[in-house]
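Asks: build me a structure from this.
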Amino acid sequence: MIQIKDTLVSLDLIEKYFVCDLDACLGACCIEGDAGAPLAPGEAERIEEVLPVVEPYLLPRALSAIKEDGASYLDPDGDLVTQIVDGRDCVYTCYAPGGKCLCALEKAFREGKIPDVKPISCRLYPVRLKEYDGFTAVNFHKWKICKPAEALGRKLGVRAYQFLKGPLTAKFGKEWYDELELTAEEYLKWKEQ
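Replies: Numbering: from 1, shown residues only. Next comes the predicted model:
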């Protein structure tokens, strides 16, 4: 772990290569797992505000789940997460040809119909944040479905922190990211010696 301001950053974020390979994984992170995507304070409310615009992108069973159980819920750990369908699929999942999972929130945003309300946890993935008293842990989540992303990152020579520059900057700010980038470059030079 390295400290950047009030965060502790996993060395995996610096050492691992990573570039999402949607053609290989088909967006499995949206439909695998046992809970929805973690929601930051205020995100559930922003999503609910745009829900009427997003509804045409959603699957019928997702709409039913939202109407019956709400757009979000508290998981067993007490964290607010997006609602899921069939015990695993995010309700905001929609599909492209070939079975590729897409985010209905992101699709509506890219079409200019809503502001960007996609949860920061989704944009940051495979990074997972954990809040502690006085600091935030910035962890790299290892999951077998992301093996293609690690292979593509290695092939392209892109580290996880580089791939996630936009979301990390959105979450922590440019100054924080610049410090991470400088620290990562120095660390990698030192490691290669």
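
Asks: what about Gly78, neighbour count?
Replies: Neighbourhood size, Gly78 [other Cβ atoms under 10 Å]: 6. All C-beta atoms are positioned from the backbone trio N, CA, C, and that covers glycine.

Asks: need the nearest residue in space to Cys20, chain neighbours excluded.
Replies: Leaving aside its chain neighbours, Cys20 sits nearest to Ala149 (5.1 Å; criterion: Cβ to Cβ, 6 or more residues apart in numbering).

Asks: mind listing what's buried along the helix or strand hosting the one you found?
Replies: Using DSSP states H and E, Ala149 sits within helix 147-156. Buried residues in helix 147-156, counting neighbours by 16 or more other Cβ atoms under 10 Å, are found at Pro148, Ala149, Glu150, Leu152, Gly153.

Asks: now do the SS call for the nearest residue to Val9 once chain neighbours are set aside.
Replies: The shortest distance from Val9 to any non-neighbouring residue, by Cβ to Cβ, 6+ apart, is to Val138 (4.4 Å). For Val138, the assignment made with DSSP: H, G, I helix; E, B strand; the rest coil gives strand.

Asks: picking up where we left off before, so which elements touch the helix holding Ala149?
Replies: The helices and strands touching helix 147-156, judged by 3 or more Cβ pairs under 8 Å, 6 or more residues apart in numbering; DSSP states H and E, are helix 22-25.

Asks: remind me what the helix or strand hosting Glu185 packs against, helices and strands.
Replies: Assigned by DSSP H and E, Glu185 belongs to helix 174-192. Packing contacts for helix 174-192, counted by 3+ Cβ pairs under 8 Å, 6+ apart, involve strand 2-4, helix 12-15, helix 160-163, helix 165-172.

Asks: most neighbours per residue, which of those?
Replies: A comparison of these by mean neighbour count, using mean count of other Cβ atoms under 10 Å, puts helix 160-163 on top with a mean of 22.

Asks: which elements pack onto that helix?
Replies: Using 3+ Cβ pairs under 8 Å, 6+ apart, helix 160-163 sits against helix 12-15, helix 174-192.
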